[in-house]
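Undergrad: The following comprises the amino acid sequence and a computationally predicted model.
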Amino acid sequence: MTTTPNQVASQLGKTTISDEVVTQLVEIAAKEVQGIHSIAKQGIGEQITGFTQRFSGKSQSSQGIIVEVGEREVAIDLRIIAHYGVKVSDLAANLRRAIIDRIESLLGLVVKEVNIQISGLFFPENNPTETASRRVE
Amino acid sequence: MAKLLDLIDERVIAEKVRTSVTSIPGIEVPVDQDADLSTVGPGWRVWGIGVHRVAGSLNIEIELIVTLNKKSSIPSISARVRRKVRTSIQSLTSEQIRWINLQILDVRLKD
């Protein structure tokens, strides 16, 4: 069990929210923000990511999200791939707002930090499967 | 009195907890390998629920898979689960419930 003691204590007992739940909600919120292509893979290459993924059970995309959850607060670090041409400051502000809204409303935790790292840009013309137009029929 | 209270099996309590929790819409309790917790006795096992008697009172642990909609949240669901479990167990026994600890294992979002 990978659940860590993210406990909201009350007189009646504790509510423990697993890291995976927080990570999952961050991922969902991030994917709803326009201008984000994907969550970046964490660390030192796809091979190792794939290897650790097999043992950790985490999805590839969630490995670019690190959460630290306290009794009442949460801090979030995430690495994203942004669409080329999007104004990064607006993207970061929208992303931060979306994550804070989602976590605070659904989990009742106060979001202390959302640290965003733009670790790559996505160019649609480099990915033939995602281009709308074709040169030849 | 204490001897009479001891007659209520932990299995009965665990099953009552499970039934009352899963009667709440949007709440599931994991089973088999999805659960990390269970209450076990000879020939039986109740997944996702832990019942412990400590110093004459009951401590209950529950694993939950929660489906949230736009109006619900983990704090409101947690309060509802605790109320429901407390009420249903108090209808079964006069034993004191000390803790109801909840572990949110997974969250699903409903539009």
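TA: Arrived safely.

Undergrad: Is chain B within reach of the longest strand belonging to chain A?
TA: In chain A, taking DSSP state E as the definition, the longest strand is strand A:110-122. No. Against chain B, strand A:110-122 shows no contacts by CB under 8 Å from any CB of the partner chain, the least distance being 12.1 Å. C-beta: built from backbone N, CA, C; applies to glycine.

Undergrad: what's that strand in contact with?
TA: Residues outside strand A:110-122 that contact it (CB atoms under 8 Å, 6 or more residues apart in numbering or on different chains) are A:37-38, A:40, A:64, A:72-84, A:88, A:91-92, A:95-96, A:99-100, A:103-104.

Undergrad: same question, stretch B:67-81
TA: Contacts of stretch B:67-81 from elsewhere in the structure, counted by CB under 8 Å, 6+ apart, are A:8, A:15, A:17, A:105-108, B:21, B:24, B:26-28, B:62, B:64, B:66, B:100, B:102, B:104, B:107-111.

Undergrad: Just the buried ones from those, in ChimeraX syntax?
TA: Buried residues among those (16 or more other CB atoms under 10 Å in any protein chain shown), as a ChimeraX selection:
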select /A:8,15,17,106,107,108 /B:21,24,27,28,62,64,66,100,102,104,107
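
Undergrad: Flag the shaky bits of chain A, pLDDT-wise.
TA: Along chain A, segments meeting pLDDT under 70 span A:1-11, A:42-62, A:126-137.

Undergrad: So for stretch B:72-81, mean pLDDT?
TA: Across stretch B:72-81, pLDDT averages out at 93.

Undergrad: and the lengthiest strand in chain B, is it in reach of chain A?
TA: Looking across chain B with DSSP E, the single longest strand is strand B:96-109. Yes. Using CB under 8 Å from any CB, we find that strand B:96-109 touches chain A at B:99-107, B:109.

Undergrad: nearest to residue B:90, of these?
TA: Of all those, residue B:100 has the smallest distance to residue B:90: 11.8 Å, by CB to CB.

Undergrad: who touches that closest one in this structure?
TA: Per CB under 8 Å, 6+ apart, neighbours of residue B:100: A:12-13, B:60-62, B:81-82, B:85-86.

Undergrad: and those as a markdown table, adding secondary structure and distance to residue A:33?
TA: What follows is the contacts of residue B:100, written out as a markdown table (DSSP: H, G, I helix; E, B strand; the rest coil; distance: CB to CB, whole Å):
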| residue | secondary structure | distance to residue A:33 |
| --- | --- | --- |
| A:12 | coil | 36 |
| A:13 | strand | 35 |
| B:60 | strand | 39 |
| B:61 | strand | 36 |
| B:62 | strand | 34 |
| B:81 | helix | 32 |
| B:82 | helix | 34 |
| B:85 | helix | 38 |
| B:86 | helix | 40 |
